[in-house]
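1. Show me how the following folds:
(2 chains)
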Number of protein chains: 2
Amino acid sequence: MAKQPIFDAVTLPDALPLDSGEVLDNVQVAFETYGDLNADKSNAILLCHALTGDQFVASEHPVTGKPGWWERMVGPGKPIDTDRFHVICANVIGSCMGSTGPASNGPDGTPYAMRFPVLTIRDMVRGLTRLLDHLGIETLHAVVGGSMGGMQALSLAANFPDRAARVLAIATTARHSAQNIAFHEVGRQAIMADPNWAGGSYYDSGKTPDAGLAVARMAAHITYLSEAGLTDKFGRRLQDRAEKTFGFDADFQVESYLRYQGSGFTQRFDANSYLYITRAMDYFDLAEEHATDGAEGLLADAFAGTPARFCIISFDSDWLYPTAESRHIVHALNAAGAPVSFVELSAPFGHDSFLLDVPALDRVVKGFLHD
Amino acid sequence: MAKQPIFDAVTLPDALPLDSGEVLDNVQVAFETYGDLNADKSNAILLCHALTGDQFVASEHPVTGKPGWWERMVGPGKPIDTDRFHVICANVIGSCMGSTGPASNGPDGTPYAMRFPVLTIRDMVRGLTRLLDHLGIETLHAVVGGSMGGMQALSLAANFPDRAARVLAIATTARHSAQNIAFHEVGRQAIMADPNWAGGSYYDSGKTPDAGLAVARMAAHITYLSEAGLTDKFGRRLQDRAEKTFGFDADFQVESYLRYQGSGFTQRFDANSYLYITRAMDYFDLAEEHATDGAEGLLADAFAGTPARFCIISFDSDWLYPTAESRHIVHALNAAGAPVSFVELSAPFGHDSFLLDVPALDRVVKGFLHD
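-> Okay, here's the model as predicted:
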């Protein structure tokens, strides 16, 4: 990971209790805001980012110089209209863009590395509610997120039901499946197999486990795209050559693309953060979290008594969190008596559809937030 | 990889020309046979193995001690009945179970490593036809294979159309898709990222790139199973523990299973062979191979004039080589005027269904071979 710039952040005044039983002190939460907060603080939207996302939703990424990751959705006159809403996006704890994570210094003044406690999605959300406390925002107009951001939105609704009037969860799930866990485990093993990982204590070594992290990113990246999308985009086309080389260079465009995705990622992300955040996602099972007496738990119980309105969106080409997972959430919300609208959108981009040009998504998001 | 036993093998009398333009001398082809060859040599079935398979179809694996990989299909009275047929299975060239591959010594008496030429599926098949020449078998009763074995069966039909009267291709494709290539590239990058790989020249170092090879195997293994199959088999069940450990051990059964698959694989397979064989599969595009003048090629042209009868089988849960790929083959065979029967079988095991307990598969295989 490249040198980090200074981020806007608050230090939480109180220690943060974690699901593991551990407690995290001196927690920093780095965040960005867009649009003005109104006088009665009723127009705030909390945006929750995905696994490798960050707080730079609609402003230039300070490390890569790239536009914000949801510029197409967030801004003046856009579906999440910053002329009307005050949009808050914070880097989740465990990550590496200014919020406390494994690269941060622990109480002894050296980086936590693998001494950092394993977090859950609920821990991340607990951190976000502390940020809302700091900002003096009692009830959000909405909490919004895609992928892991959607998990946080659902977790906030389940665990802090009075804090959001609307919950918009896109391309997500209420529990990680065996296949989801399996892909993450491949990524973690790739990182841990890199000798530069050195048990996680690489921060002062001058060597980072870039090769392992790149492989992890490559494997994950395939799951973000659809088979048909990959075929449309790359097919079997060759990369800047007329014929196969009969070698191990990136003959195919898709190989070149994946390598680029892998190596680019290592410039902006900390390998240990990747371990911790994937672990939090794998641990996510909203029904189990609300089970009593060791029973398996009903997802409906997690949403019992929530006063929020929900909108759940899936994409037909998303095989990471397929529509069946969204339907499972919708059934639970129905059983809990919560008002919910649900739509499966058709888009060719697989899981990444929530980040890409899907005009129907814009319309649904705008409609849900503005009515 | 563990120390290799001595394998039954022949050394081909002539050099083998390769699609790359290179020529391979002193080619060894290791093989096993089951059942007796009849007097007119008309009852031979050539079985082609998959990526990580080998010649030990129906006999104990000499390295792992495990039963043959298709014991349930091949043997006396079984669907591929060795009381009636003479079954031949050879280790493909490029592999590591006695046939010439990157671990073999080159002309200078040291292992080829990455000096080994990049092969194609057609090169493997060319090696197999030389074995048939050696055995005096002109025309096979059938050529049979699943996955990469199916590619070989199709390639034999296309390139050596008089050598097999029947072609049975299971859970396969006539070309590797962008997603197929992408998964293989992740595996190759995982191997090459392992410092023990050392540019492929690890044979005399005492260190093998086991960590990288294990990650490659783990990633590939996920693609062999269906999402539903993984959920049935593992779900979110924990491994020998009552609660999550809030750590990075294999808390979940699916993690433990994948790690076991990864590490077990390194005991029996050579990392460079994995590179070469995945490359051959990625290069596989039967239509392109038979294109003229740089045109894209029609798959039907590949099968023009073949006198063989075909049977194509796919599985509804196979997302690696989905039914659409088989249908594409069938349409091409129809266009070429070749007799073909096609069936999509329902089985929960994903791509691996061809190796597992699917009684309908047994019936189709038996019916096609025996009539």
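2. Which secondary structure state is assigned to residue A:341?
-> With DSSP: H, G, I helix; E, B strand; the rest coil as the basis, residue A:341 sits in strand.
3. just checking, it touches residue A:368?
-> Yes: using CB atoms under 8 Å, residue A:341 and residue A:368 qualify as a contacting pair, with a distance of 7.0 Å. Where you see a C-beta, it was placed from the backbone N, CA and C, and this is true even at glycine.
4. Now do the shared contacts for the two.
-> Residues touching both residue A:341 and residue A:368 by CB atoms under 8 Å, 6 or more residues apart in numbering or on different chains: residue A:311.
5. and these two? which has more neighbours close in?
-> residue A:368 (20 against 15; other CB atoms under 10 Å in any protein chain shown).
6. so where do the strands sit in chain A?
-> All strands of chain A, identified by DSSP state E, fall at A:9-11, A:16-17, A:23-24, A:28-34, A:44-48, A:74-75, A:80-81, A:86-90, A:142-146, A:166-170, A:309-315, A:340-345.
7. Distance check, the closest residue to residue A:197 other than its chain neighbours against residue A:221.
-> Nearest non-adjacent residue to residue A:197, counting by CB to CB, 6 or more residues apart in numbering or on different chains: residue A:209, 3.9 Å away. Distance from residue A:209 to residue A:221, counting by CB to CB, to the nearest Å: 17 Å.
8. Of those two, which one has the most company?
-> More crowded of residue A:209 and residue A:221, by other CB under 10 Å: residue A:209, with 26 against 18.
9. Ramachandran coordinates for the more buried one?
-> Taking degrees, to the nearest 10, you get phi -80, psi 60 for the backbone angles of residue A:209.
10. ok, it - contacts?
-> By CB under 8 Å, 6+ apart, the neighbours of residue A:209 are A:191, A:194-198, A:202, A:271.
11. out of these, who's nearest chain B?
-> When the contacts of residue A:209 are ranked by distance to chain B (CB to the nearest CB), residue A:195 comes first, at 5.8 Å.
12. worst-scoring helix or strand of chain A, pLDDT-wise?
-> helix A:286-289 (a mean of 93; mean pLDDT, DSSP states H and E).
13. Please read off the pLDDT at residue A:1 from the model.
-> pLDDT, residue A:1: 66.
14. wait, I meant residue A:203
-> 97.
15. Quickly note the distance from it to residue A:110.
-> Separation of residue A:203 from residue A:110 (CB to CB) stands at 8 Å.
16. Those two: who's more crowded?
-> Taking neighbours as other CB under 10 Å, residue A:203 and residue A:110 compare with residue A:203 leading, 19 against 12.
17. Distance of the closest residue to residue A:47 other than its chain neighbours relative to residue A:12?
-> Leaving aside its sequence neighbours, residue A:47 sits nearest to residue A:89 (CB to CB, 6+ apart; 4.2 Å). Per CB to CB, residue A:89 is found 17 Å from residue A:12.
18. which of these two has more neighbours?
-> Each of residue A:89 and residue A:12 has its neighbours counted (other CB under 10 Å); residue A:89 has more, 29 against 21.
19. hey, where'd the helices end up in the stretch 101-250 of chain A?
-> Listed in chain order, the helices of the stretch 101-250 of chain A (DSSP state H, counting those that start in this stretch) span A:121-135, A:148-159, A:178-193, A:210-224, A:227-233.
20. Any stretches of the stretch 151-300 of chain A with poor pLDDT?
-> Residues of the stretch 151-300 of chain A meeting the criterion pLDDT under 70: A:293-296.
21. Repeat the analysis, applying 90 as the threshold.
-> A:289-297 (pLDDT under 90).
22. Tell me how many other residues surround the closest residue to residue A:188 other than its chain neighbours.
-> Beyond its immediate neighbours in the sequence, the residue positioned closest to residue A:188 (CB to CB, 6+ apart) is residue A:275, lying 5.5 Å away. A count of neighbours around residue A:275, defined by other CB under 10 Å, yields 25.
23. Residue numbers of the stretch 1-150 of chain A in contact with chain B?
-> A:19-22, A:114, A:117-118 (CB under 8 Å from any CB of the partner chain).
24. And these, which of them are buried?
-> A:19-20, A:114, A:117-118 (16 or more other CB atoms under 10 Å in any protein chain shown).
25. picking that back up, show me what contacts the residue nearest to residue A:188?
-> Contacts of residue A:275 by CB under 8 Å, 6+ apart are A:102, A:188, A:191-192, A:200, B:248.
26. Distance-wise, check it relative to residue B:80.
-> 46 Å.
27. do residue A:43 as well
-> Taking CB to CB, one finds residue A:43 at 70 Å from residue B:80.
28. How is chain A divided into domains?
-> A:9-176+A:284-370, A:181-278 (automatic domain parsing).
29. ok, which residues in the stretch 201-350 of chain A are in contact with chain B?
-> Where the stretch 201-350 of chain A comes near chain B, counting by CB under 8 Å from any CB, the residues are A:211-212, A:214-215, A:218-219, A:222, A:225, A:227, A:230-231, A:233-236, A:244, A:246-248, A:250, A:252, A:254-255, A:258-259, A:262, A:275, A:279, A:282-283, A:285, A:288, A:319, A:322.
30. Return a ChimeraX selection command for the buried portion of those.
-> ChimeraX command restricting those to the buried ones, with burial defined by 16+ other CB under 10 Å:
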select /A:211,212,214,215,218,219,222,225,227,230,231,233,234,236,244,246,248,250,252,254,255,258,259,262,275,279,282,283,285,288,319,322
